[in-house]
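Trainee: Okay, sequence plus prediction incoming.
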There are 2 protein chains.
Amino acid sequence: MVPDRSSLSSSGTSTVDHHRAGRIAIIGATGVVGREAISILESKGLSRSRILALASERSVGMTIPYASDLLAIESADACDFVGVSVALFCASSDVAQNLAPRAIAAGAAVIDNSSAFRLHPDVPLIVPEINRAALAHGSTLVANPNCSAVILTVAVEPLRQAFGLRAIDIATYQAVSGAGQGGIDDLLNQVKAAALGRTQAPSFFREPCLFNVFSHDSAIEPETGLNVEERKIIDESRKIWSLPTLRITPTCVRVPVLRAHTQAITVELDQPATERDVRDAFAAARGVRVVDDRVASNFPTPLKAAHGDDVLVGRIRPDPGTSPDASGRSRRWCLLACGDQLRKGAASNAIQIADCLGLLTPANAQATSIAIA
Amino acid sequence: MVPDRSSLSSSGTSTVDHHRAGRIAIIGATGVVGREAISILESKGLSRSRILALASERSVGMTIPYASDLLAIESADACDFVGVSVALFCASSDVAQNLAPRAIAAGAAVIDNSSAFRLHPDVPLIVPEINRAALAHGSTLVANPNCSAVILTVAVEPLRQAFGLRAIDIATYQAVSGAGQGGIDDLLNQVKAAALGRTQAPSFFREPCLFNVFSHDSAIEPETGLNVEERKIIDESRKIWSLPTLRITPTCVRVPVLRAHTQAITVELDQPATERDVRDAFAAARGVRVVDDRVASNFPTPLKAAHGDDVLVGRIRPDPGTSPDASGRSRRWCLLACGDQLRKGAASNAIQIADCLGLLTPANAQATSIAIA
């Protein structure tokens, strides 16, 4: 259920404006995305007093280091969100469904990392490099897309803008941290055991992580055979791009990587392009960094993408299975892309959205009008 | 250069027949594929006296366990191949180019795992499940395909036979052992360091293996951007299937897996098919085992495929980006396949070829005529 924003009309935009320099609540502050969000806010120089670190009851009393000081974890369930300008939900869909209405009623803008509201027609699903224009001024509820959808759409956006899109084939190589701390623990425990010549059975995933890859751990739709991650890539990319019938053919796989997702992508363009055209499009793009040295074999890897906000793109080449036209232009292009799914795929993108809404900076800084221009 | 078989006419087929129950030489016996070949011959019960384990001078004097006994490594360069019925080359292209002519001149059939002769029009490139008919009776030189090409063609062959092929998109998740013992050592050394909280720089690959994936380590063609592994998949699969213009769009990536390659495959069929049609085709196929339980989330993984000869196929589903026709038939299908690239992708396939040629069993067993039928 989407919180009924019409019922909030008396406390809507003006309340958000009132709280523009208010506190920033992180719901799910002890999870991998919540910790990343707090770390990004710390690096942006926000004072400790503006950060409200919320989690479930069992984490209350824990602390998180912040700017040479400590943040005490408080109860999300007990929070009244008064004085909060933006609530970054880094928790499950259930938590978002339960607590987002209360945060909105208290005047906060909610930016939700869960899938709870992403496909609701009234909720903007935002990747700022692509569709920040879909952010209504004073939006009270914005959805942050699935990490794989963010990385895919950022990597492909320069080609969509320049040449249009007909279809995408994508195979993913997804880090275990996408599943949370349990995925990280599984892999690290298996590494420790292997170093001693032992085998450690998985305690989080169904399959061993170390020395293995496996079909993405999300549920499978019995009738289509698609898993939920693949479904999200299709549905959310279509919504972000406003291309509701775009053919997207995904296969999602977990690999023993701690952080950053990799994607082997083939795109079919509306308008064929030369390699120079394609490279020019990437060179001019925001949020993308080309790493593509054929001589030195330097291409994107998750280790190079980890802890950064850029999506790395390389192995840019025309599909060898199709011939260029007489002008040397090809319609199908292959890429390898890597992005840190905890940052650009989650926390950084959410904080970028808050920044676009002018919710991180003091009200008199006029950040909103600049950011949304 | 392909050894000039016309010059061998006086010692050709009849010599091979003479040596049918002769010795089996493994050239490159200390490498990962050579060791695997020896292990398979051991499990088939071949007596130690029939195995000739050859390697470079620096390995002479080493021994390899075999059937409660030891095989002594002998010099490949010094070998005259007399009494050898089949020489399994599990070494580099250079070694094959240098020594295969001598082995053939001495009356041996050569089965070469390197890429030296694979694309020569006079040399059969064989995956027995697919094109054993291309084996001429008494073939003196047969090429064993690239491991990724074997796994791909075995996985897709049931669909090609039943419905025909228009195109293939494939992204690989390739084990480090495909690059030899150096790749295994790199990964294991990095595991040991990580367990102690340290980082071990790569000494074999350009990129770290552990917690990472990277574009396949083979050379890149500067003008096309394709790497050599991708080129092999295209050229060799086309030759194996006698489909010289089939569109194949590959992206090859290394993952931190010790053995068995995984492939995310999308095929476009000539004739659309229902899911029942597709599953029936796989159920009847040789060399393929379907692992595809949507309820239990049991799908192919490299750990399940390792040390086996079957290519595992699962995640069988119609492309969600295209709609089925009125009869529920789809033209595009997605799969996940895993195969042990040291066995079916190399050693087992080579030994299968030798078996098809009747070179492993005594002359009076009439294996040749049965196997090639």
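Mentor: Noted; the coordinates are in hand.

Trainee: List the contacts of the residue nearest to A:Asp270 when sequence neighbours are not counted.
Mentor: Leaving aside its sequence neighbours, A:Asp270 sits nearest to A:Gly164 (CB to CB, 6 or more residues apart in numbering or on different chains; 2.9 Å). For the C-beta atoms, the positions are set from N, CA and C on the backbone; glycine is no exception. With contacts defined as CB atoms under 8 Å, 6 or more residues apart in numbering or on different chains, the neighbours of A:Gly164 are A:269-271.

Trainee: Emit the PyMOL select command for whichever of the residues you listed are buried.
Mentor: The PyMOL command for the buried members of these (criterion: 16 or more other CB atoms under 10 Å in any protein chain shown) is given here:
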select buried, chain A and resi 269
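
Trainee: can you list the contacts of A:Gly164 in a markdown table and add secondary structure and pLDDT?
Mentor: Shown next, in a markdown table, are the contacts of A:Gly164 (DSSP: H, G, I helix; E, B strand; the rest coil; pLDDT from 0 to 100):
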| residue | secondary structure | pLDDT |
| --- | --- | --- |
| A:Leu269 | strand | 98 |
| A:Asp270 | strand | 98 |
| A:Gln271 | strand | 98 |
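
Trainee: Can you list the residue ranges for helices in chain A?
Mentor: Counting by DSSP state H, chain A has helices at residues A:13-18, A:32-43, A:93-105, A:128-131, A:147-163, A:181-195, A:228-241, A:275-283, A:302-305, A:348-356, A:367-372.

Trainee: Please convert those to JSON lines, extending it with mean pLDDT, mean neighbour count and distance to B:Leu159.
Mentor: As requested, the helices of chain A are arranged in JSON lines below (pLDDT from 0 to 100; neighbours: other CB atoms under 10 Å in any protein chain shown; distance: least, CB to CB, whole Å):
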{"stretch": "helix A:13-18", "mean pLDDT": "39", "mean neighbour count": "17", "distance to B:Leu159": "55"}
{"stretch": "helix A:32-43", "mean pLDDT": "96", "mean neighbour count": "22", "distance to B:Leu159": "40"}
{"stretch": "helix A:93-105", "mean pLDDT": "97", "mean neighbour count": "20", "distance to B:Leu159": "38"}
{"stretch": "helix A:128-131", "mean pLDDT": "97", "mean neighbour count": "19", "distance to B:Leu159": "36"}
{"stretch": "helix A:147-163", "mean pLDDT": "98", "mean neighbour count": "25", "distance to B:Leu159": "27"}
{"stretch": "helix A:181-195", "mean pLDDT": "97", "mean neighbour count": "19", "distance to B:Leu159": "34"}
{"stretch": "helix A:228-241", "mean pLDDT": "98", "mean neighbour count": "22", "distance to B:Leu159": "21"}
{"stretch": "helix A:275-283", "mean pLDDT": "97", "mean neighbour count": "16", "distance to B:Leu159": "32"}
{"stretch": "helix A:302-305", "mean pLDDT": "98", "mean neighbour count": "23", "distance to B:Leu159": "32"}
{"stretch": "helix A:348-356", "mean pLDDT": "96", "mean neighbour count": "23", "distance to B:Leu159": "39"}
{"stretch": "helix A:367-372", "mean pLDDT": "34", "mean neighbour count": "16", "distance to B:Leu159": "50"}
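
Trainee: A:Ala67 is nearest to which of those?
Mentor: helix A:32-43 (5.5 Å; CB to CB).

Trainee: which other helices and strands contact that closest one?
Mentor: strand A:23-27, strand A:51-55, strand A:63-66, helix A:348-356 (3 or more CB pairs under 8 Å, 6 or more residues apart in numbering or on different chains; DSSP states H and E).

Trainee: The last one to strand A:23-27, inter-axis angle?
Mentor: Translated: helix A:348-356. If you take axes from the mean of the first three to the mean of the last three CA atoms, to 10 degrees, helix A:348-356 sits at 160 degrees to strand A:23-27.

Trainee: about what we covered before: ok, the residue nearest to A:Asp270 to A:Leu335 distance?
Mentor: 16 Å (CB to CB, to the nearest Å).

Trainee: Now do the contacts for A:Ala285.
Mentor: A:129, A:157-158.

Trainee: between the contacts of A:Gly164, which is nearest A:Leu187?
Mentor: Nearest to A:Leu187 out of these is A:Leu269 (CB to CB; 37.3 Å).

Trainee: That closest one against A:Arg332, yeah?
Mentor: Yes. Here A:Leu269 lies in contact with A:Arg332, judged by CB atoms under 8 Å, at a distance of 7.4 Å.

Trainee: most remote residue from chain A's center?
Mentor: Relative to the centre of chain A, and counting by CA atoms, centre = their mean, the farthest-placed residue is A:Ala326 at 39.9 Å.

Trainee: mind checking the backbone torsions on that one?
Mentor: Here is the backbone geometry of A:Ala326 (degrees, to the nearest 10): phi -60, psi -20.

Trainee: Quick one: residues contacting it.
Mentor: Counting by CB under 8 Å, 6+ apart, A:Ala326 touches no other residue.

Trainee: So it versus chain B, what's the distance?
Mentor: 18 Å (CB to the nearest CB, to the nearest Å).

Trainee: okay if I get the helices of chain A as a markdown table plus distance to A:Ser114?
Mentor: Output for these, formatted as a markdown table (distance: least, CB to CB, whole Å):
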| stretch | distance to A:Ser114 |
| --- | --- |
| helix A:13-18 | 21 |
| helix A:32-43 | 10 |
| helix A:93-105 | 4 |
| helix A:128-131 | 19 |
| helix A:147-163 | 12 |
| helix A:181-195 | 16 |
| helix A:228-241 | 11 |
| helix A:275-283 | 31 |
| helix A:302-305 | 23 |
| helix A:348-356 | 11 |
| helix A:367-372 | 24 |
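
Trainee: Relative to chain B, which of the contacts of A:Ala285 is nearest.
Mentor: A:Pro158 (17.2 Å; CB to the nearest CB).

Trainee: isn't the closest one right up against A:Arg279?
Mentor: No. Taking contacts as CB under 8 Å, A:Pro158 lies outside contact range of A:Arg279: 9.8 Å.

Trainee: how close does the residue nearest to A:Asp270 get to chain B?
Mentor: Distance from A:Gly164 to chain B, counting by CB to the nearest CB: 16 Å.

Trainee: same deal with A:Arg254?
Mentor: 10 Å.

Trainee: How about A:Leu359?
Mentor: A:Leu359 is 35 Å from chain B, by CB to the nearest CB.

Trainee: Please name the nearest non-neighbouring residue to that residue.
Mentor: The spatially closest residue to A:Leu359, leaving aside those adjacent along the chain, is A:Val86, at 4.2 Å (CB to CB, 6+ apart).

Trainee: tell me which residues form a beta bridge with the nearest residue to A:Leu335 once chain neighbours are set aside?
Mentor: Spatial nearest neighbour of A:Leu335, excluding adjacent residues (CB to CB, 6+ apart): A:Ile265 at 4.7 Å. Beta-bridge pairing of A:Ile265 under DSSP bridges involves A:Ile170, A:Leu335.

Trainee: Might you enumerate the residues of the stretch 51-200 of chain A proximal to chain B?
Mentor: Within the stretch 51-200 of chain A, the residues that sit near chain B (CB under 8 Å from any CB of the partner chain) are A:167, A:169, A:171, A:173, A:187, A:191-192, A:194-196.

Trainee: Distance to B:Gly28 added to the residues you listed, as CSV?
Mentor: Output for these, formatted as CSV (distance: CB to CB, whole Å):
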residue, distance to B:Gly28
A:Ala167, 43
A:Asp169, 37
A:Ala171, 32
A:Tyr173, 31
A:Leu187, 34
A:Val191, 31
A:Lys192, 35
A:Ala194, 28
A:Ala195, 30
A:Leu196, 32
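
Trainee: Quick check, A:Arg50 in contact with A:Ile38.
Mentor: No. At 11.3 Å, A:Arg50 does not count as touching A:Ile38 under the criterion of CB under 8 Å.

Trainee: The residue nearest to A:Leu335 and A:Cys338 touch, don't they?
Mentor: No. Look at A:Ile265 against A:Cys338 with CB under 8 Å: they stay out of range, at 11.1 Å.

Trainee: what's the pLDDT at the residue nearest to A:Asp270?
Mentor: Per-residue pLDDT puts A:Gly164 at 98.
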